[in-house]
Each structure stands twice: as structure tokens, then as C-alpha cells.
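Q: 3D model of this:
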Amino acid sequence: MKAVWKRDLTAYFNSPVGCVFLFAFATIMNLCFYVFNVLGASSQISNLFSIMLFLLILITPFLTMRLFSEEYKLRTDQLLLTSPTDVWEIVLGKFLAAFCVFALALALTLVWVIVIGLFGVLSPGAVAGNYAAILCAAAAFISVGMLVSSLTENQIIAAVGTLAVFLGLFALSAAAESSLSPVMGTVLSWFSLFARHQRFLLGIFSLSDILYYISFTGVMLFLTSRVLEKKRWA
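A: Alright, predicted model coming up:
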């Protein structure tokens with residue numbers, strides 16, 4: 001797993017993908033911080049993490065599209081699948097590589113905490129909750145992107161397919177909020193990644209929501225491993 005993680009993490013920065021991702025993320029989010037917090041003289045950061053969640057919808061497909069699709073296109077997947085490495089190790093290694101790139105991008109936003117701590121009123125609980133929530137959401141999004149990438153050798157199709165899944169999940173959240181049936185709204189909200197994230201933004205830190213994100217990510221990674229296992233024995 002460590003070898004796969006190191007290989008893929010290095011590959012992100014040997015190509016423009018990692019640098020472009022970091023630049024786009026940092027530029028957009030720091031611009032939002034300047035507009036809403038610096039110019040608006042506000043210490044609240046929940047709005048920034050709400051924007052960040054929607055930004056992830058747009059840029060996560062760019063981060064995950066190459067994970068398996070590029071391997072299929074270059075035929076390097078044959079080397080991976082015929083190696084003594086377990087399929088789970090391959091999946092986890094690639095997942096951790098993509099997650100580390102996002103974590104690095106997120107770390108660049110820690111300057112917000114410093115600025116707000118120096119010039120505003122910092123709420124440590126709210127800050128920790130928002131960072132934990134966005135990390136959980138990012139893990140879930142990356143796992144979805146990995147699954148879609150494992151299904152095709154075309155990176156564009158992988159990116160568009162991942163974006164379509166995200167939009168479908170967002171539609172599920174919108175349906176939960178607009179449902180005329182309280183029971184249906186509750187059921188849809190329970191399955192919605194976005195509705196659970198909104199609870200964190202409201203200051204509601206729930207262990208069940210954390211466990212949901214972990215479980216969702218685990219299921220996506222399991223399905224990805226099944227796709228690779230099928231290819232290994234095909």
C-alpha cells in the first residue's frame with residue numbers, strides 16, 4: 001500500500017494535476033475568505049466551508065479521474081493487478097494519495113484560523129467541526145470518484161461521470177428539503193451527504209454523521225476493490 005501511495009502521490013506532482021488542483025483550490029477559497037471575512041469584517045467561517053463543499057463537486061472529478069483510468073489507458077494496470085499486492089492495498093494506496101493532495105490544499109487554509117485568531121473572535125469548536133466535516137465529505141467524494149474511474153479508461157468520461165453522481169447526490173439533498181412528506185424527507189435526508197454536512201455548519205457535531213461518512217467511503221472503496229478483483233481474474 002505504501003508503495004502505491006507514494007507512487008501516485010508523486011505522480012500528482014510530476015504532472016500538472018496536483019499543482020493545478022492546489023492552485024485552483026487555494027485561489028478560489030482565499031479569494032472567498034478575503035471577500036467575506038476580511039472585507040466583511042466577519043469571524044464566521046461556516047460560509048466558507050459551505051462554498052468549499054460545492055467547490056469540491058467541481059474539482060474532485062479532476063483529482064480522481066486519472067486514478068484508474070490512466071492505468072487502464074497506459075496498460076500499467078496489468079502490472080498492478082498481477083503483482084503480489086492485494087487489491088485492497090492498491091485501492092487504499094490510491095485513495096490515500098488523492099486524499100493527501102486534498103489535505104495539503106486544505107492545510108493552506110489554516111492561515112484563516114491565524115488571521116481570525118489575531119484580528120477577530122475565534123471559536124475553536126466551530127473551526128474543528130468544520131474542518132472535520134469537510135475532510136469527511138472529501139473522503140466520501142474521492143471514494144466516489146475512484147469508483148467511477150475504475151469503470152472506464154477514458155479520463156473525461158470518468159470526470160463527467162463523477163460530476164453526474166455528485167449532482168445526483170445534491171439533487172437527493174434538495175429533494176429531502178422540498179419533500180412534502182415528512183417521512184420521505186427524513187429518509188432522503190438520512191442518505192444525503194450534503195444534508196449531513198449542513199448540520200456541521202449549524203454547529204451540530206454528531207458522531208452518527210461522522211460514522212455515516214466513514215461507512216459511505218468504506219462502501220465505495222469496497223465496490224472499487226470488487227471492480228479491480230473482477231478485472232484481475234478476467
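Q: what is the neighbour count of the residue lying closest to residue 93 once chain neighbours are set aside?
A: Spatial nearest neighbour of residue 93, chain neighbours left out: residue 4 (2.8 Å); criterion: CB to CB, 6 or more residues apart in numbering. Any C-beta I mention is one placed from the backbone N, CA and C, and that applies to glycine too. The number of residues packed near residue 4 is 20, by other CB atoms under 10 Å.
Q: specify the local secondary structure of residue 4.
A: Of the three states, residue 4 takes helix under DSSP: H, G, I helix; E, B strand; the rest coil.
Q: hey, where'd the helices end up in the protein?
A: Secondary structure of the chain, counting by DSSP state H: helices at 2-14, 16-33, 46-64, 66-74, 77-81, 87-107, 110-119, 124-149, 155-178, 182-191, 193-201, 207-233.
Q: now the angle from the first one to helix 46-64?
A: Calculated by axes from the mean of the first three to the mean of the last three CA atoms, to 10 degrees, helix 2-14 forms an angle of 100 degrees with helix 46-64.
Q: on that earlier part again, a markdown table for the helices of the chain, including mean pLDDT and distance to residue 39?
A: A markdown table is the format used below for these (pLDDT from 0 to 100; distance: least, CB to CB, whole Å):
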| stretch | mean pLDDT | distance to residue 39 |
| --- | --- | --- |
| helix 2-14 | 89 | 33 |
| helix 16-33 | 92 | 10 |
| helix 46-64 | 90 | 13 |
| helix 66-74 | 89 | 37 |
| helix 77-81 | 78 | 49 |
| helix 87-107 | 94 | 23 |
| helix 110-119 | 89 | 13 |
| helix 124-149 | 90 | 20 |
| helix 155-178 | 84 | 29 |
| helix 182-191 | 58 | 34 |
| helix 193-201 | 70 | 21 |
| helix 207-233 | 88 | 32 |
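Q: for the residue nearest to residue 93, what are its contacts?
A: Residue 4 makes contact with 80, 85, 89-90, 92-94, 97, according to CB atoms under 8 Å, 6 or more residues apart in numbering.
Q: cool, and residue 25?
A: 55, 59, 105, 108.
Q: before we move on, what about residue 112?
A: 33, 37, 45, 48.
Q: can I get the buried part of those residues as one ChimeraX selection?
A: To isolate the buried members of the contacts of residue 112 in ChimeraX, using 16 or more other CB atoms under 10 Å:
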select :33,37,45,48
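Q: just give me the closest of the contacts of residue 112 to residue 194.
A: residue 48 (16.2 Å; CB to CB).
Q: right, and that closest one touches residue 36 too?
A: Yes. Using CB atoms under 8 Å, residue 48 makes contact with residue 36 at a distance of 6.6 Å.
Q: list the contacts of stretch 161-170.
A: Applying CB under 8 Å, 6+ apart, the external contacts of stretch 161-170 come out as 57-58, 60-61, 64-65, 141, 144-145, 148-149, 151-152, 192-194.
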